[in-house]
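In: Fold the following for me, if possible:
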Amino acid sequence: MKQDVRVGVVGLGGRGRGIVRDVLLELGAKVTAVCDLYEDRRDQTADIVEAAGQPRPFVTADYREVLARSDVEAVIVTAAWEAHVPVACDAMRAGKYVGIEVGGAYSVEDCWRMVRAYEETGTGFMFLENCCYGRNELLLLNMVRQGVFGEVVHCDGGYQHDLRDEIGFGRENRHYRFRNYLNRNGENYPTHELGPIANILNINRGNRIVSLVSMASRSAGLNDFLTREKGLDYDAASFAFTQGDVVTTLIKCAHGETIRLSLDTTLPRYYSRGLTVHGTRALYTEDNNSIFLDSEDRERHFDWRGKWDNLKDFYDQYDHPLWKEFQEKGIFGGHGGMDGLVYGRFLEAAADCRPAPIDVYDAAAWMSITPLSEASIAAGSAPVAIPDFTGGAWTTRGPWNP
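Out: Below you'll find the predicted structure:
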């Protein structure tokens, strides 16, 4: 899995520094340039690279200087959400294989910009959705493909994560989520949950998402939290945050399947991506980590708690081959190894200059959920069409290969 690719990293907040320290250096990538608007972040990351025994990387506040360097073959964008698309498009036009971290787009046109840049340049692009590489997500994909679930007709997913500290104190911590929650209202972080579901439902590969409807609750969580944490004299405690506390999005697929997404980040709750896979022969629910098989469990539908957390019983038979190999070689990287796998795939693709497993068409479709949900909410939860970013190629593209 080690790939000796010369990499530039744009965006050095907590995610960017962590990826450099825990993933890229472990994979054997050569970090030759680092970029961030803040000097302390640049210096900290350069120190990490140097401490790992590599030459001190080129340091800059201007990502265009990274793109101009001959010692940068691939660029990873871990900056604030609004920087993902412009940096990615410029990287492709500079001939640098680019990988962008996740987040929603700011407009549908941004999604088309990425697609056009890719099609005009032919430069490699990967969307770094790590949750597609989770052990359980790949296990379920394997089970679906082996027919255990029968026909899958509905999936749920969510980004359900108490981020009140990160968002509410975003100015002090220099975190972009604060300004987004202050000014926008939509499903702003859809891809952790949608990515694995898209793979299960063959989205962009024989199926596609065609329309959505979104609804947002009122905003109260951040104001209550900041009042209790900082007091009424803290200015943001009385700010009118635009982002609803809970956003629910319903998506219709070309072949009739439905998807329900939930964004829930400003109220007290446990962490969950809420993955549910509902088929004609089985049900999986993440929140109790169980699989309900019609052939074995039908008589227990009123007494299911005794079999909660039974997913581990399916590992021996259905663990995805990629995870079996990963465990044999040694799991590393954050988020239970997902980061190690997704960045390993990125570096392999960049080293060989071949198409990425999660490509620009996936990125465009998944990221478009954010501006489309904003439009739906603003129009009173009106249905909104989702563009076909593949230009009809979804009918001929083969199944996803992680």
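
In: surely residue 372 meets residue 383?
Out: No - applying CB atoms under 8 Å as the test, residue 372 and residue 383 come out as separate, 10.1 Å apart. C-beta: built from backbone N, CA, C; applies to glycine.

In: How much space separates residue 275 from residue 222?
Out: Applying CB to CB, to the nearest Å, the value for residue 275 to residue 222 is 26 Å.

In: swap that for residue 229, please
Out: For residue 229, the distance to residue 222 - CB to CB - is 10 Å.

In: who has more neighbours, these two?
Out: Neighbour totals were compared for residue 229 and residue 222, and residue 222 leads with 24 against 13 (other CB atoms under 10 Å).

In: Quick check: which element contains the more buried one?
Out: helix 221-230 (DSSP states H and E).

In: Which elements pack onto whatever helix or strand comes next after that helix?
Out: Under the assignment DSSP H and E, the closest C-terminal helix or strand after helix 221-230 is strand 246-253. With contacts taken as 3 or more CB pairs under 8 Å, 6 or more residues apart in numbering; DSSP states H and E, strand 246-253 sits against strand 209-216, strand 258-264, helix 369-378.

In: CA atoms only: put the second one into PDB for me.
Out: If I follow you right, that is strand 258-264. Output of strand 258-264 as PDB, limited to C-alpha atoms (Å, rounded to 0.1, in the frame of the first residue of the first chain):
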ATOM      1  CA  THR A 258     -35.800   6.200  -1.400                       C
ATOM      2  CA  ILE A 259     -33.100   7.700   0.800                       C
ATOM      3  CA  ARG A 260     -33.600   9.700   4.000                       C
ATOM      4  CA  LEU A 261     -30.800  11.900   5.300                       C
ATOM      5  CA  SER A 262     -30.600  13.700   8.700                       C
ATOM      6  CA  LEU A 263     -28.300  16.500   9.700                       C
ATOM      7  CA  ASP A 264     -28.300  16.900  13.500                       C
END
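
In: which of the residues in that strand are buried?
Out: 259-264 (16 or more other CB atoms under 10 Å).

In: Over to the first one?
Out: Of the residues in strand 209-216, 209, 212-214, 216 count as buried by neighbour count, 16+ other CB under 10 Å.

In: How is the chain divided into domains?
Out: 6-130, 132-319+360-395 (automatic domain parsing).

In: Just put those domains in a markdown table and tack on distance to residue 354 and mean pLDDT.
Out: Output for those, formatted as a markdown table (distance: least, CB to CB, whole Å; pLDDT from 0 to 100):
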| stretch | distance to residue 354 | mean pLDDT |
| --- | --- | --- |
| domain 6-130 | 7 | 97 |
| domain 132-319+360-395 | 14 | 97 |
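
In: Out of these, the one nearest residue 351 is which?
Out: Residue 351 sits nearest to domain 6-130 of all the domains of the chain, at 8.4 Å, using CB to CB.

In: chain center to that closest one, what's the gap?
Out: 16 Å (CA atoms, centre = their mean, to the nearest Å).

In: quick one: terminal-to-terminal distance for that domain?
Out: 21 Å (CA to CA, to the nearest Å).

In: mind putting the helices and strands packed on strand 246-253 in CSV, distance to residue 70 included?
Out: Formatted as CSV, the helices and strands packed on strand 246-253 follow (distance: least, CB to CB, whole Å):
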stretch, distance to residue 70
strand 209-216, 40
strand 258-264, 42
helix 369-378, 35
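
In: For residue 302, which of those is the nearest?
Out: Judging the helices and strands packed on strand 246-253 by CB to CB, what sits closest to residue 302 is strand 258-264, at 24.2 Å.
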